[in-house]
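K.L.:
Fold the following and give me the result.
(one chain, ligands or ions: 2)
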Amino acid sequence: MTLMTGAQYEASLRELNLVVYMFGKRLANVVDDPIIRPSLQAVAHTYDLAHRPEAEDLMTATSHLTGRKVNRFTHIHQSRDDLVKKSKMGRLLGRETGCCFQRCVGLDALNALSIVTYDIDQAHGTEYHPRFLKYLAYVQENDLTCDGAMTDPKGDRSLPPHQQPDPDQYLHVVEKRKDGIVVRGAKAHQTGALNSHEIIVMPTSAMREPDRDYAVSFALPSDAPGIVYIMGRQSCDTRKLEEGLMDRGNFLFGGHEALVVFDNVFVPWERVFMFQEYDFAGALVEKFAAYHRQSYACKVGVGDVLIGAAQTVAEYNRTEKASHIKDKIIEMNHLNETLYCGCIACASEGQKEPSGTYAVNTLLANVHKQNVTRFPYEIARLAQDIAGGLMVTLPSEQDFKSPATGPWLEKYLRADQQIPTAHRMRILRLIENLTLGTAAVGYLTESMHGAGSPQAQRIMISRLINMKEKQKAAQKLCGIEEE
Ligand code: SF4
Ligand code: FE
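P.N.:
Ligands and ions are numbered 1, 2, ... in the order given. Okay, here's the model as predicted:
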């Protein structure tokens, strides 16, 4: 089965036996939990869309291993065109779901490992790359969703892994056995972890020799013994437990993050892709980060939704012809399309790595992500400006339905007489959801900190800029002779 449908994906998740805690209790049924379910539906959309003829070109690709059609989320980029299509796929899915659809982390982990396992083998004579390709074939053949797990809790930020008072603050190897390794630690902020079949672990930063037991990468089924998930909260999450759908804004889709604990977990050798090669930990982090910074094409698609919502509410309020409103909408589009330029540019300027995989241009991917840490906030500010204060003072759906209060709300919250008050309410709730509610996790805070916080990109930009070349250009034009 190389292309699952959303329904088949959901059925496959039911087979898993994940250990998940939320609100202090272990969940007996993850798939049908009302808080988690919208995030499952967002991932399911990455499966369903692959079957829609108009999206096929973006959503599917030809496996370089088998020549078979696979979901692009399991594909290893074979050209710049593949990289560009990945960016376009992210925008499309962001627009279709209005949230984080979670599956990119696995795609980015697979591609980063396809490069780095090859490079480790070249340097150390190991056999990680063929091992990785075997694993990749399994992922492609079964159309799996993988969680790409990089971020360690990190404990005391001033200390490297091996000097931490609590050695588990970075995930590490605690035992080497004949048949595999045992690992302990945790991965924080794991996007889509509960909707994943597999979890692919990578180190969180560059490592030195004393940290070699922390330089480890591997893949495990998400329900492997010893893995425990603790679900993260989102602002307004319990609205999903209320009756009615309107107050949720986006009631179909959402994202989620979880803390994933590895409590002495066994990993067989055939699923280990890095073991103590500390000299390649930094390369793996850099490659994954660059790919994932490109993946923030998703925010352009979510931006499309927010801009569409802002224009709609302006029309409902009959303010759409005011020049300052028109100008704000132009500004939102300008910022959003500037983001699009970045994710297309880093893909178009991609390069072939020795393994054959195409990597994005690292400098441009970092510039793109740096813009993502800022522009969605400004787009959200403008959307709130256009929406007006009613977005946060609106009574509940129950009050609209109540015979005691409904008629008052119908009368006093109507703007354009042709537009039902409920439509005005729905679009305001969507803007609330995207800028203050559950989806604001993905659109705003994740834009800030996901795929690395702003300073991480600034460090990369300063490292990758060719300053000498710029200075030479300036000095030549004003006649400063080279020494
Ligand atoms: Fe994908 Fe965007 Fe979610 Fe990251 S934030 S997993 S890039 S949808
Ligand atoms: Fe992310």
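
K.L.:
Wait, Ala310 touches Glu331, no?
P.N.:
No: using CB atoms under 8 Å, Ala310 is not in contact with Glu331; the gap is 10.7 Å. Every C-beta, even on glycine, is put in place using the N, C-alpha and C of the backbone.

K.L.:
Those two: which is more packed in?
P.N.:
Each of Ala310 and Glu331 has its neighbours counted (other CB atoms under 10 Å); Ala310 has more, 26 against 13.

K.L.:
dump the residue contacts of the more buried one.
P.N.:
Ala310 is in contact with 328-329, 332, 382-383, 386-387, 431, counting by CB atoms under 8 Å, 6 or more residues apart in numbering.

K.L.:
for Leu364, same thing?
P.N.:
So Leu364 contacts 342, 345-346, 349 (CB under 8 Å, 6+ apart).

K.L.:
Give me the next element, helix or strand, following the helix or strand hosting it.
P.N.:
Counting by DSSP states H and E, the element that carries Leu364 is helix 362-372. As assigned by DSSP H and E, the chain's next helix or strand after helix 362-372 is helix 375-387.

K.L.:
Now that following helix: buried residues?
P.N.:
375-377, 379-380, 382-384, 386-387 (16 or more other CB atoms under 10 Å).

K.L.:
Which residues does stretch 26-39 contact?
P.N.:
With CB under 8 Å, 6+ apart, stretch 26-39 has contacts from 10, 13-14, 16, 18-22, 40, 99, 102, 192, 194-195, 231, 237-238, 240-241, 250-256, 438.

K.L.:
buried set for it?
P.N.:
In stretch 26-39, counting by 16+ other CB under 10 Å, buried: 27, 30-31, 33, 35-39.

K.L.:
Which members of the contacts of Leu364 are classed as buried?
P.N.:
Among the contacts of Leu364, the ones that count as buried by 16+ other CB under 10 Å are 342, 345-346.

K.L.:
Apart from its chain neighbours, what residue comes closest to the most centrally placed residue in the chain?
P.N.:
Closest to where the C-alpha atoms of the chain average out (CA atoms, centre = their mean) is Gln102, at 5.0 Å. Closest residue to Gln102 apart from its sequence neighbours, by CB to CB, 6 or more residues apart in numbering: Gly192 at 2.7 Å.

K.L.:
since we're on the one you found, how many residues are nearby?
P.N.:
With other CB under 10 Å as criterion, Gly192 counts 25.

K.L.:
What of Asn17?
P.N.:
11.

K.L.:
Is it correct that it is in contact with Asp223?
P.N.:
Yes: proximity of Asn17 to Asp223 meets the contact threshold set by CB under 8 Å, at 4.7 Å.

K.L.:
buried ones in stretch 206-218?
P.N.:
Of the residues in stretch 206-218, those buried (16+ other CB under 10 Å) are 206-207, 211-218.

K.L.:
which residues sit in contact with the residue lying closest to Thr405 once chain neighbours are set aside?
P.N.:
Spatial nearest neighbour of Thr405, excluding adjacent residues (CB to CB, 6+ apart): Asp399 at 4.6 Å. By CB under 8 Å, 6+ apart, the residues touching Asp399 are 405-406, 409.
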